[in-house]
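coords please:
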Amino acid sequence: MTRTSAEPAKRLSSIGMIAAATLPGTAQLLTEGGDARIELDAITGLNKYGCAPLPDPGMIALGSSTASIISERSYDAAEGLRMRLLASGAASDYAAYASEMNRTRCELLSLCGISEGSGVDVVFAASGTDIHLIAAQAFSSGEKLQPLVIMVEANETGSGVAAALAGRHFSSHSAMGETVTSGANIRHAAAIEVVSVALRDANGMARSDAAIDADFVALATPAAEAGRRVLLILIDGSKTGAIAPTADCVLQLQQRYPDRIDVMVDACQFRIAPQTLRAYLQRDFMVALTGSKFATGPTFCGALMIPPLCARRMRRHPIPPALRAYSSRGDWPADWDSAAPLDQIANFGLLLRWEAALAEIRAFRSLSDEQIAGFLRAFGAAVQDKLQRSPLLDPLPLPSLERGSLAEADNWDHIPSIHPFLLFYPNVAKGRSALDRDQTQRVYQLLQADLSTRKMFGSDSTIGRIVAQRCQLGQPVACGHRDGVPVSALRVCASMRMIARASADGGREMGSVIEQTISAIEKAELLAHTFARV
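Below is the predicted model:
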């Protein structure tokens, strides 16, 4: 992929008055201050997820488990902040950046119902993957024995997460603009052992909660008893919407080994209600969030919420020098003296992406829990009905979203908002055969294009209308095998933006939103049916 923007380092400035040279156009800034995943292809003008840094109202956005096109509301918010920065007269880029990041920190906490006096700290980062790197290195600081991190399988989280947790680079350049080698050890990084637990069996079927919990216990117990520090990562919202291990399992391990076990909740999808988020923090769990999944902000922007007790432990040691390539001093709270070794760099791309995300979160937070739950139930019922009635689509069983004794069961976040499904094509001998992973990836890409001129779809006007629609679904997730064929699941996803739109004006748009969603599924079905000729 060819980069079209300037080197990130050129926009990551620490001195001088804010000027147009530091703050180019909003669209360009939105693609800077991250890693290769947000760069634009020189030919298509899109990043690897098919997203441009400009609004595209004609795209049906159903891929919030992966990435979303920026909305006009979000873009206007980012552009407004850019103009305010240019007019601010700040003494330096960094001073303006640190001030705005602190404002962003306060607003994010407020939108999550967390008071400034709660003692919860927020660290910002360029992505959820960066957050995993930062959390693992910070929690490992000062340890004599090799720390252990236990996570769920990579298929259900980010592709670079395991490398980041282990202290390895996960892209060709870092958020602070350094050119690096993906997979190589980060200089001065703590050596961390990372192990994973499978959520699915070889056939792609979900393993039981009891089996997953047992694996976490079996891995954590001997390490903690040997005096090693252990970081358990509970994922609340995996790629297919699962929660694992159970909250009760993690609570029991934490209570058994309070001085050895730390917990981070990977809620990077941000598909959790404020009540659930606060419940995690009250249990002294760190929580990783992003503004670029369920919140539909532009790719990518991450935040790590750190509860008071955990923050006090982490403050005892200087921030590891390994994080200098991935984190600015301004990304950390001003009173974290231990973050002083980090460079004072202004990452305006990250700041604008968070500003864009906050615009979506504000609109979503204006809704009642009843409105959100009502939409998610109607959306889920329509999607599941469509998937189950199609002979060429096979919905994966939806996971239970119960959180045991941790949180109330009547929050809207116990209702699934990610609906994964497999695709099949007609087979005379077998009735149907599963599309393999490469074929599913091709369908995923074709969904984003207007196919109305393709002769294979004939002249039927209804079919022509369906295939003309451009749709983004969640990118394919590997889900084992079907009849010996390695398969992946596409995902139909609800989002904050979608729910806010559907709930406006007394829910007048709900029918239209659901109708568009069903049409996108029908396009996937048509592509599966004719795949041999595509």
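
per-residue confidence for the spatially closest residue to A334 that is not a sequence neighbour?
Take A334 and drop its neighbours on the chain: the residue closest to it by Cβ to Cβ, 6 or more residues apart in numbering is N102, 6.5 Å away. For the C-beta atoms, the positions are set from N, CA and C on the backbone; glycine is no exception. For N102, the pLDDT comes out at 98.

On the three-state scheme, N102 is what?
Following DSSP: H, G, I helix; E, B strand; the rest coil, N102 is assigned to helix.

Pretty sure it sits against W332.
No. With contact defined as Cβ atoms under 8 Å, N102 does not reach W332; the gap is 10.1 Å.

more crowded one of those two?
Counted by other Cβ atoms under 10 Å, N102 and W332 do not tie: W332 has more neighbours, with 26 against 14.

who's in contact with the more buried one?
For W332, the contacting residues are 123, 319, 339, 342, by Cβ atoms under 8 Å, 6 or more residues apart in numbering.

Let's have these in JSON lines, adding pLDDT.
Shown next, in JSON lines, are these (pLDDT from 0 to 100):
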{"residue": "V123", "pLDDT": "99"}
{"residue": "I319", "pLDDT": "92"}
{"residue": "A339", "pLDDT": "95"}
{"residue": "L342", "pLDDT": "96"}
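
Show only the entries of those found in strands.
If you go by DSSP state E, these have V123 in strands.

Drop anything exposed from the contacts of W332.
Neighbour-count burial (16 or more other Cβ atoms under 10 Å) applied to these gives 123, 319, 339, 342.

Distance to M286 for the residues you listed - can I get that in JSON lines?
Converted to JSON lines, the buried ones among the contacts of W332 look like this (distance: Cβ to Cβ, whole Å):
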{"residue": "V123", "distance to M286": "9"}
{"residue": "I319", "distance to M286": "15"}
{"residue": "A339", "distance to M286": "16"}
{"residue": "L342", "distance to M286": "19"}
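
between these, which is closest to R508?
Comparing those against R508 with Cβ to Cβ places V123 closest, at 40.1 Å.

ok, the buried ones among the contacts of W332 vs K430, which is closest?
Distance to K430 across the buried ones among the contacts of W332 (Cβ to Cβ) is lowest for V123, with 52.0 Å.

Quick one: list the elements packing against the longest strand seen in the chain.
For the chain, the strand that runs over the most residues, judged by DSSP E, is strand 470-482. Judged by 3 or more Cβ pairs under 8 Å, 6 or more residues apart in numbering; DSSP states H and E, the packing partners of strand 470-482 are strand 59-62, strand 418-427, helix 437-446, strand 485-493, helix 510-529.

List the contacts of the residue nearest to L435 when sequence neighbours are not counted.
Excluding its sequence neighbours, the residue lying closest to L435 (Cβ to Cβ, 6+ apart) is L423, at 4.5 Å. Taking Cβ under 8 Å, 6+ apart as the contact definition, L423 lies against 392-394, 434-435, 439-440, 443, 490, 524-525, 527-528.

and among the helices and strands packed on strand 470-482, the most buried is which?
Most buried of the helices and strands packed on strand 470-482, by mean neighbour count (mean count of other Cβ atoms under 10 Å): strand 485-493, with a mean of 24.

what does the following helix or strand past that one rub up against?
Following strand 485-493 in sequence order, the next helix or strand is helix 496-507 (DSSP states H and E). Applying Cβ under 8 Å, 6+ apart, the contact partners of helix 496-507 are 61-62, 64, 68, 71, 294-296, 360-361, 363-364, 366-367, 371-372, 374-376, 379, 509-510, 513-514.

7 Å instead?
Residues from elsewhere that reach helix 496-507 (Cβ atoms under 7 Å, 6 or more residues apart in numbering): 71, 294-296, 360-361, 363-364, 367, 371-372, 375, 509-510, 513.

Which of the buried ones among the contacts of W332 sits closest to P258?
Nearest to P258 among the buried ones among the contacts of W332: V123, at 23.0 Å, using Cβ to Cβ.

Please report the distance of K48 from Q146.
34 Å (Cβ to Cβ, to the nearest Å).

show me the contacts for L342.
Counting by Cβ under 7 Å, 6+ apart, L342 touches 319, 323-324, 327-329.

do the same with I212
Applying Cβ under 7 Å, 6+ apart, the residues contacting I212 are 197, 199, 244-245.

rewinding a little: could you list the buried residues of the longest strand of the chain?
Buried residues in strand 470-482, defined by neighbour count with 16+ other Cβ under 10 Å: 470-480, 482.

Next: stretch 133-144.
Neighbour count says stretch 133-144 has 133-141 buried, by 16+ other Cβ under 10 Å.

Among the contacts of helix 496-507, which ones are in helices?
Applying DSSP state H to those, the entries found in helices are 360-361, 363-364, 371-372, 375, 510, 513.

so how far is A382 from the residue lying closest to L145 once chain neighbours are set aside?
What sits nearest to L145 in space, not counting adjacent residues and going by Cβ to Cβ, 6+ apart, is R228, at 4.7 Å. R228 sits 48 Å away from A382, going by Cβ to Cβ.

about what we covered before: of the ones in helices among the contacts of helix 496-507, which pair is most distant in space?
With Cβ to Cβ as the measure, no two of these lie farther apart than I361 and M510, at 20.5 Å.

Tell me what the closest residue to G63 other than its chain neighbours is bridged to.
Closest residue to G63 apart from its sequence neighbours, by Cβ to Cβ, 6+ apart: Q472 at 3.9 Å. Following DSSP bridges, Q472 is listed with bridge partners A61.

Just to check, Q472 is in contact with S64?
No. Counting by Cβ atoms under 7 Å, Q472 does not reach S64; the two are 8.8 Å apart.

any idea of the pLDDT on S88?
Taking S88 on its own, its pLDDT is 87.

Give me the nearest residue to it, chain neighbours excluded.
A96 (5.7 Å).

got the contact list for the one you found?
Contacts of A96 by Cβ under 7 Å, 6+ apart are 18, 85, 88, 90, 346.

In the stretch 101-250 of the chain, mark out all the strands, start to finish.
With DSSP state E, counting those that start in this stretch as the criterion, the stretch 101-250 of the chain has strands at 121-125, 148-152, 193-197, 230-236, 243-244.

domain parsing for this structure?
122-345, 367-533 (automatic domain parsing).

Out of these, which one sits most buried?
domain 122-345 (a mean of 21).

so R260 sits right up against R229, yeah?
Yes. Taking Cβ under 7 Å as the definition, R260 is a contact partner of R229 at 6.0 Å.

For this structure, name the helix or strand with the lowest mean pLDDT.
Using mean pLDDT, DSSP states H and E, the weakest-scoring helix or strand in the chain turns out to be strand 12-13, at a mean of 54.

Show the pLDDT at T2.
Model confidence at T2, given as pLDDT, is 30.

ditto for V195
pLDDT, read off for V195, is 98.

Check whether it really touches L219, as I assumed.
Yes. The pair V195 / L219 is scored as a contact, 5.8 Å apart, by Cβ under 7 Å.

Contacts only, for the residue nearest to L145.
With Cβ under 7 Å, 6+ apart, R228 has these contacts: 145-148.

separation between it and M510?
For R228, the distance to M510 - Cβ to Cβ - is 51 Å.

low-confidence ranges in this protein?
Residues of the chain meeting the criterion pLDDT under 70: 1-21, 408-409, 532-534.

CA-only coordinates of the strand or helix carrying A357, as CSV, when you get a sec.
Assigned by DSSP H and E, A357 belongs to helix 348-365. Provided in CSV are the C-alpha atoms of helix 348-365 (Å, rounded to 0.1, in the frame of the first residue of the first chain):
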residue,chain,number,x,y,z
PHE,A,348,-3.0,16.1,16.1
GLY,A,349,-4.3,13.2,14.0
LEU,A,350,-5.2,11.2,17.1
LEU,A,351,-6.8,14.3,18.7
LEU,A,352,-9.0,15.0,15.7
ARG,A,353,-10.1,11.3,15.5
TRP,A,354,-11.1,11.4,19.1
GLU,A,355,-13.0,14.7,18.5
ALA,A,356,-14.9,13.0,15.7
ALA,A,357,-15.7,10.0,17.8
LEU,A,358,-17.0,12.2,20.7
ALA,A,359,-19.5,13.8,18.3
GLU,A,360,-21.0,10.3,17.8
ILE,A,361,-20.9,9.4,21.4
ARG,A,362,-22.6,12.6,22.5
ALA,A,363,-25.5,11.9,20.1
PHE,A,364,-25.8,8.3,21.4
ARG,A,365,-25.7,9.3,25.0
